[in-house]
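Engineer: sequence first, predicted coordinates after that:
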Number of protein chains: 2
Amino acid sequence: MSRYQQEDLPAQEVARLTARATRLADAVRAVVQTTVVSEVGDAEVDEAIAHLEAANALLGRETLPGSFGVRFNTDGTRRAWGNAVTGTRNPIAPPVVLEHDGERTWGEVTLGPGYEGPPGLVHGGILAAILDQILGAAAENAGAPGMTGTLTVRYRRGTPLGPIRAEAWLDRREGVKTFTKGQLSTADGVTAEAEGVFILPRWAREAAAEFLRPGVGDA
Amino acid sequence: MSRYQQEDLPAQEVARLTARATRLADAVRAVVQTTVVSEVGDAEVDEAIAHLEAANALLGRETLPGSFGVRFNTDGTRRAWGNAVTGTRNPIAPPVVLEHDGERTWGEVTLGPGYEGPPGLVHGGILAAILDQILGAAAENAGAPGMTGTLTVRYRRGTPLGPIRAEAWLDRREGVKTFTKGQLSTADGVTAEAEGVFILPRWAREAAAEFLRPGVGDA
């Protein structure tokens, strides 16, 4: 199982691999979204499946054991490309790209038909996943990276599929616990609010101690 | 945008479409998971992308406008195939298949590398999404379908990628609010606990009134 790994990759090679991973994952993302709304008949479905099986065989010729994990680059940045919300190479991730603007962490993303819950609306669980990720990133941005202890999401109204904005910020710290708050909004205003409590468990502290440089790299 | 729709499909046709949707979505799911862990080089990636683009073009020849929505069949069962957690035809959904055992709602699913958060562990947001879905299904199973008002998840420890079991049940009802509780577990015990508050907003009651038959069909 891949865990935390140091890789001696210069920035130029990381940039090249990032471009390739994005190109591949975007191609899969397009198929994922089209699959949900496709209305074609048996012949096209069979032909599409043949192409998908061919792609899977090619990509499967050499694979990592287990999962992607987190790789640390030579310059201290890191790649969490398997992350289900932000992972560059994970087609399940929209992906959400998070940025830090001083004490505020934010990201904008457009969610297609593959993220549906109630008809025409984003699945409440997908909204919770985005909030979990950004609340954790805000904790890390405040110098206190950790795993989620408690996540509370209050849904104010339905969030239509389409563009959304996520924001999060540090609320307070109490001992080993870091409390962050955040929200999701559309052009019509806030649709969900959340609070997260983050803690870095001992095993994670030990596993990451060798590499972790808070505030650097993606979440 | 697709919303709630009645379709006059006999059970046999629903079964045929379900089998086809499953076959297609499973082929895409395989590519999604392989993409996350693939270690092949430029030549294989380029060839795989060509296959993916061909599949996307085939599937995209005829598509629904907007999203899948919810379709009601002749016998009162329904298809929410675009659902990001349970959707038969949504490759983002593992999918989680929920069953009702009296007052208890449960489901078992195996989560691959595409659902990663911390290295080797399921993303806390994906766990929240599964809990949101099953807590809502438990509310519906209790005769009170609704949208999530509040979701609270307490993470007891990391949940390794692999097989997990989700369970949920009715806690109590207070006026228009339905409170359900649930948990996720692995062979080693409970990893997360959750509580959900569900409310059916007026617009959803009106939109669904024509079709909704509580307790029937998938969530």
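Structural biologist: Thanks, I have it. Residues are numbered from 1 along each chain as shown, chains lettered A, B, ... in the order given.
Engineer: for A:Val31, pull up the helix or strand it's in.
Structural biologist: helix A:11-37 (DSSP states H and E).
Engineer: and the helices in chain A, which stretches?
Structural biologist: Under the criterion DSSP state H, chain A contains helices at A:11-37, A:42-59, A:124-141, A:202-209.
Engineer: out of those helices, which comes closest to chain B?
Structural biologist: Minimum separation from chain B across the helices of chain A (C-beta to the nearest C-beta) falls at helix A:124-141, 2.7 Å. Backbone N, C-alpha and C define where each C-beta goes, glycine included.
Engineer: now do the closest one against helix B:124-141, angle only.
Structural biologist: Counting by axes from the mean of the first three to the mean of the last three C-alpha atoms, to 10 degrees, helix A:124-141 lies at 150 degrees to helix B:124-141.
Engineer: and helix A:124-141, what does it pack onto?
Structural biologist: strand A:104-111, strand A:147-155, strand A:162-174, strand A:177-186, strand A:189-199, helix B:124-141, strand B:147-155 (3 or more C-beta pairs under 8 Å, 6 or more residues apart in numbering or on different chains; DSSP states H and E).
Engineer: ok, the closest residue to A:Ala80 other than its chain neighbours - contacts?
Structural biologist: Closest residue in space to A:Ala80, ignoring its immediate chain neighbours: A:Val70 at 4.9 Å, by C-beta to C-beta, 6 or more residues apart in numbering or on different chains. Counting by C-beta atoms under 8 Å, 6 or more residues apart in numbering or on different chains, A:Val70 touches A:Arg3, A:Tyr4, A:Gln5, A:Arg78, A:Arg79, A:Ala80, B:Pro118, B:Pro119.
Engineer: what about A:Val70, distance to A:Gly146?
Structural biologist: Distance, A:Val70 to A:Gly146, by C-beta to C-beta, to the nearest Å: 14 Å.
Engineer: so what pairs up with the residue nearest to A:Ala80 in the strands?
Structural biologist: A:Tyr4 (DSSP bridges).
Engineer: from A:Gly87, how far out is it?
Structural biologist: 10 Å.
Engineer: which residues do the two both contact?
Structural biologist: With C-beta under 8 Å, 6+ apart, A:Val70 and A:Gly87 have common neighbours A:Ala80.
Engineer: report pLDDT for the residue lying farthest from the centre of chain A.
Structural biologist: Relative to the mean C-alpha coordinate of chain A, counting by C-alpha atoms, centre = their mean, the farthest residue is A:Ala43 (35.1 Å). Note for A:Ala43: predicted pLDDT of 98.
Engineer: cool, and A:Arg78?
Structural biologist: pLDDT, A:Arg78: 86.
Engineer: I'd say it and A:Arg71 touch.
Structural biologist: Yes: assessed by C-beta atoms under 8 Å, A:Arg78 is found in contact with A:Arg71 at 6.3 Å.
Engineer: what touches both of these two?
Structural biologist: The contact sets of A:Arg78 and A:Arg71 do not overlap (C-beta under 8 Å, 6+ apart).
Engineer: how is chain A divided into domains?
Structural biologist: As assigned by automatic domain parsing, chain A contains the domains A:1-95, A:97-209.
Engineer: distance to B:Thr152 for those - can I get that in TSV?
Structural biologist: TSV is the format used below for the domains of chain A (distance: least, C-beta to C-beta, whole Å):
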stretch	distance to B:Thr152
domain A:1-95	19
domain A:97-209	5
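Engineer: out of the helices and strands packed on helix A:124-141, which gets nearest to B:Gly162?
Structural biologist: Nearest of the helices and strands packed on helix A:124-141 to B:Gly162, taken as C-beta to C-beta: helix B:124-141 at 13.0 Å.
Engineer: residue ranges with poor pLDDT in chain A?
Structural biologist: A:1-3, A:203-219 (pLDDT under 70).
Engineer: please redo it, this time with the cut-off set to 90
Structural biologist: Counting by pLDDT under 90, chain A contains low-confidence ranges at A:1-13, A:71-78, A:144-146, A:175-176, A:200-219.
Engineer: list the contacts of the nearest residue to A:Ala168 once chain neighbours are set aside.
Structural biologist: Among residues not flanking A:Ala168 along the chain, A:Gly182 sits closest, at 3.2 Å (C-beta to C-beta, 6+ apart). Taking C-beta under 8 Å, 6+ apart, we find A:Gly182 in contact with A:105, A:131, A:134-135, A:138, A:166-169, A:193-196.
Engineer: could you redo the last one with a cut-off of 7 Å?
Structural biologist: A:Gly182 sits next to A:Leu131, A:Ile134, A:Leu135, A:Ala138, A:Ala166, A:Glu167, A:Ala168, A:Ala194 when contact means C-beta atoms under 7 Å, 6 or more residues apart in numbering or on different chains.
Engineer: redo the residues you listed as TSV? Include neighbour count.
Structural biologist: Shown next, in TSV, are the contacts of A:Gly182 (neighbours: other C-beta atoms under 10 Å in any protein chain shown):
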residue	neighbour count
A:Leu131	30
A:Ile134	30
A:Leu135	31
A:Ala138	29
A:Ala166	25
A:Glu167	19
A:Ala168	29
A:Ala194	24
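Engineer: name the nearest of the residues you listed relative to A:Ala30.
Structural biologist: Distance to A:Ala30, by C-beta to C-beta, is smallest for A:Ala166 among the contacts of A:Gly182, at 22.8 Å.
Engineer: hmm, the closest one is touching A:Leu184, no?
Structural biologist: Yes: A:Ala166 is within contact range of A:Leu184, at 5.3 Å (criterion: C-beta atoms under 7 Å).
Engineer: joint contacts of the two?
Structural biologist: What both A:Ala166 and A:Leu184 touch, as defined by C-beta under 7 Å, 6+ apart, is the set A:Ile130, A:Leu131.
Engineer: so what's A:Val36 up against?
Structural biologist: A:Pro113, A:Gly114, B:Phe68, B:Gly82, B:Arg89, B:Asn90 are the contacts of A:Val36 under C-beta under 7 Å, 6+ apart.
Engineer: what does A:Ala54 give?
Structural biologist: B:His51.
Engineer: same thing but 8 Å
Structural biologist: Counted by C-beta under 8 Å, 6+ apart, A:Ala54 has contacts B:Ala48, B:His51.
Engineer: so which bits of stretch A:73-91 are buried?
Structural biologist: Residues A:73, A:78-91 are the ones in stretch A:73-91 that count as buried (16 or more other C-beta atoms under 10 Å in any protein chain shown).
Engineer: and for stretch A:173-186?
Structural biologist: Those buried within stretch A:173-186 under the rule 16+ other C-beta under 10 Å are A:Lys177, A:Thr178, A:Phe179, A:Thr180, A:Lys181, A:Gly182, A:Gln183, A:Leu184, A:Ser185, A:Thr186.
Engineer: may I have that stretch as PDB, with CA atoms only?
Structural biologist: Written as PDB, here are the backbone C-alpha positions of stretch A:173-186 (Å, rounded to 0.1, in the frame of the first residue of the first chain):
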ATOM      1  CA  ARG A 173      -7.700  26.200  18.300                       C
ATOM      2  CA  GLU A 174      -8.200  24.300  21.500                       C
ATOM      3  CA  GLY A 175      -5.200  22.200  22.400                       C
ATOM      4  CA  VAL A 176      -4.700  19.500  19.800                       C
ATOM      5  CA  LYS A 177      -8.000  20.400  18.100                       C
ATOM      6  CA  THR A 178      -8.400  22.900  15.300                       C
ATOM      7  CA  PHE A 179     -11.900  24.300  14.500                       C
ATOM      8  CA  THR A 180     -12.500  25.700  11.000                       C
ATOM      9  CA  LYS A 181     -15.700  27.000   9.400                       C
ATOM     10  CA  GLY A 182     -16.700  27.200   5.800                       C
ATOM     11  CA  GLN A 183     -19.500  27.700   3.300                       C
ATOM     12  CA  LEU A 184     -20.600  26.900  -0.200                       C
ATOM     13  CA  SER A 185     -22.300  29.400  -2.400                       C
ATOM     14  CA  THR A 186     -23.700  30.000  -5.900                       C
END
